[in-house]
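> Need coordinates for the below:
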Amino acid sequence: MSFFFTLYTPRRLKVLLALFLTTVLYACKTPNITKKDNHQCTDARFYFKSTFEGNIQITPPTTGKNGKWGQHIIGTDAKTGAKWPYDLPGNNDKSMFIYLISEKEDPSTVVETSIVTTKGYDGRKTQTLYQEVKKGVKNQDAKLARNQLNLINDPESMFQDIRVSYKMKLQENLESVMPKNSWRQITEIRGVNNSYRIGLYINRRKTGGPLFWKIQGQQGPEWKKQRPDWIQTTLNETRKKNEIEIPLGEWFRIEFHLVSDKNGNGQFVCTINDKRLINQVGKVSTQKGFISWHIFKTYASLNALNAGAHYQWIDDVEIEVRNP
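Next up, the predicted model:
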């Protein structure tokens with residue numbers, strides 16, 4: 001008993017406590033386990049961050065086996081060391097910009113994807129990803145051209161707990177190129193065999209009025225014949241309130257967090273500048289699960305593209321995948 005009290009004097013207890021706190025703080029500073037928005041330790045097994053600084057490039061467009069144009073993003077981020085596309089989660093060999101443009105079409109007349117220097121979130125010059133769809137063109141399958149970067153869910157556990165966050169700037173004249181009954185999609189998560197999808201949109205009603213955010217969940221494979229489902233119901237409440245503005249011509253932070261189990265239950269959260277647009281708890285998918293996520297997407301209705309080009313800038317990307 002005397003040995004115990006000799007070993008753990010108050011002074012030595014303070015030293016041990018200091019060492020313990022130092023160890024914890026050091027662990028929290030490790031980049032691959034730190035969640036930037038709350039600075040807390042997590043059990044994340046994967047963490048990707050890119051500012052697009054350094055030798056980041058978009059490769060020349062090529063056509064694949066399906067005869068449709070696409071491009072890759074390559075290079076090492078000078079600030080974070082992230083390597084495009086090799087450090088992306090999932091099957092990064094398939095992570096590329098997809099346009100759904102026929103090989104007979106000159107892609108440069110329809111889309112543009114580039115790394116550009118512009119005024120960033122803090123007002124200083126920064127390198128960013130620029131995406132544009134210049135006009136409405138349909139391919140041989142009657143699908144409208146779009147500009148999207150895919151994350152492929154391979155292994156299948158990747159979308160069981162994933163957070164995607166980035167800064168975004170929409171074009172300043174967006175209202176003028178979105179007539180009545182038009183839409184523009186910002187991101188889309190796809191189910192296996194087109195069984196289900198979640199999309200974030202900016203819409204304008206048939207009667208006109210202001211632009212508004214819309215989050216829609218649809219069961220497939222024939223999207224037009226789906227019945228209203230669990231996320232559609234939550235969307236209606238969000239639409240009526242319409243409390244979260246759509247920043248035009250200025251930077252804002254957009255974040256998504258998807259948790260999904262093998263039965264399609266979980267949680268889907270989307271925030272705009274830390275304001276919650278949706279928090280769906282319960283059903284978020286079908287039992288088939290998700291297969292891909294178009295994390296950056298410029299995709300607009302034909303009447304919107306006929307009104308003018310649609311474009312955006314992306315910066316400060318974070319992708320966190322936690323242990324299932």
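> Where does pLDDT dip in this protein?
Along the chain, the parts satisfying pLDDT under 70 run over 1-44, 64-67, 224-230, 232-242, 324.
> domains in it, as residue ranges please.
1-34, 43-322 (automatic domain parsing).
> which of those domains is buried the deepest?
Compared across these, domain 43-322 shows the largest average neighbour count, a mean of 18 (mean count of other C-beta atoms under 10 Å). Where C-beta positions appear, they are placed from N, C-alpha and C, glycine not excepted.
> contacting residues around the closest residue to S108 other than its chain neighbours?
For S108, ignoring the flanking residues on the chain, the nearest one in space by C-beta to C-beta, 6 or more residues apart in numbering is P61 at 7.7 Å. Residues near P61 by C-beta atoms under 8 Å, 6 or more residues apart in numbering: W69, G70, Q71, Y99, P107, S108.
> Direction included, what does the stretch of helix or strand the first one belongs to pair against?
Per DSSP states H and E: W69 is located in strand 68-71. The partner list of strand 68-71 in its sheet, established with DSSP bridges, is strand 62-63 (antiparallel), strand 97-102 (antiparallel).
> and F268, which of the ones you listed is closest to it?
Evaluated with C-beta to C-beta, the strands paired with strand 68-71 place strand 97-102 nearest to F268, the distance being 23.0 Å.
> Show me what whichever helix or strand comes after that closest one is packed up against.
Moving toward the C-terminus from strand 97-102, the first helix or strand encountered (DSSP H and E) is strand 111-119. Other helices and strands packing on strand 111-119, by 3 or more C-beta pairs under 8 Å, 6 or more residues apart in numbering; DSSP states H and E, are strand 57-58, strand 97-102, strand 125-133, strand 310-322.
> How far off centre is strand 111-119?
Mean-position distance between strand 111-119 and its chain equals 18 Å (C-alpha atoms, centre = their mean, to the nearest Å).
> Which residues does that strand contact?
Here strand 111-119 makes contact (C-beta under 8 Å, 6+ apart) with 52, 56-58, 69, 71, 97, 99, 101, 125-134, 145, 147, 311, 313.
> again with stretch 280-292
If you take C-beta under 8 Å, 6+ apart as the criterion, stretch 280-292 is touched by 150-153, 156, 159, 189-193, 195-196, 198, 217, 219, 229-231, 234, 258-260, 262-269.
> so how far is Y311 from L129?
In this view, L129 and Y311 are 11 Å apart by C-beta to C-beta, to the nearest Å.
> same deal with V317?
18 Å.
> what do you get for V164?
Distance from V164 to Y311, by C-beta to C-beta: 21 Å.
> before we move on, what about E245?
20 Å.
> what's the answer for C270, then?
22 Å.
> for P60, same thing?
P60 sits 20 Å away from Y311, going by C-beta to C-beta.
> on that earlier part again, any chance of the helices and strands packed on strand 111-119 in TSV, plus distance to Q140?
Shown next, in TSV, are the helices and strands packed on strand 111-119 (distance: least, C-beta to C-beta, whole Å):
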stretch	distance to Q140
strand 57-58	25
strand 97-102	5
strand 125-133	18
strand 310-322	22
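> Tell me which of those lies nearest to W183.
Closest among these, using C-beta to C-beta: strand 310-322, at 10.8 Å.
> Tell me what T271 is bridged to.
Under DSSP bridges, the beta-bridge partners of T271 are E255, R276.
> My guess is it contacts E255. True?
Yes - counting by C-beta atoms under 8 Å, T271 touches E255, with 4.9 Å between them.
> ok so, going back, make JSON lines from the strands paired with strand 68-71 and add distance to F290 to it.
Shown next, in JSON lines, are the strands paired with strand 68-71 (distance: least, C-beta to C-beta, whole Å):
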{"stretch": "strand 62-63", "distance to F290": "27"}
{"stretch": "strand 97-102", "distance to F290": "17"}
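> between the ones you listed, which one is nearest to A304?
For those, the distance to A304 is smallest for strand 97-102, at 16.3 Å, taking C-beta to C-beta.
> For I186, give me phi and psi.
For I186, the backbone dihedrals (degrees, to the nearest 10) come out as phi -100, psi -40.
> what bridges to the closest residue to it other than its chain neighbours?
Leaving aside its chain neighbours, I186 sits nearest to L200 (4.5 Å; criterion: C-beta to C-beta, 6+ apart). Legend: beta-bridge partners of L200 under DSSP bridges are T187, I215.
> just the one 4 residues further on next, same as before
The residues listed as beta-bridge partners of R204 by DSSP bridges are S182.
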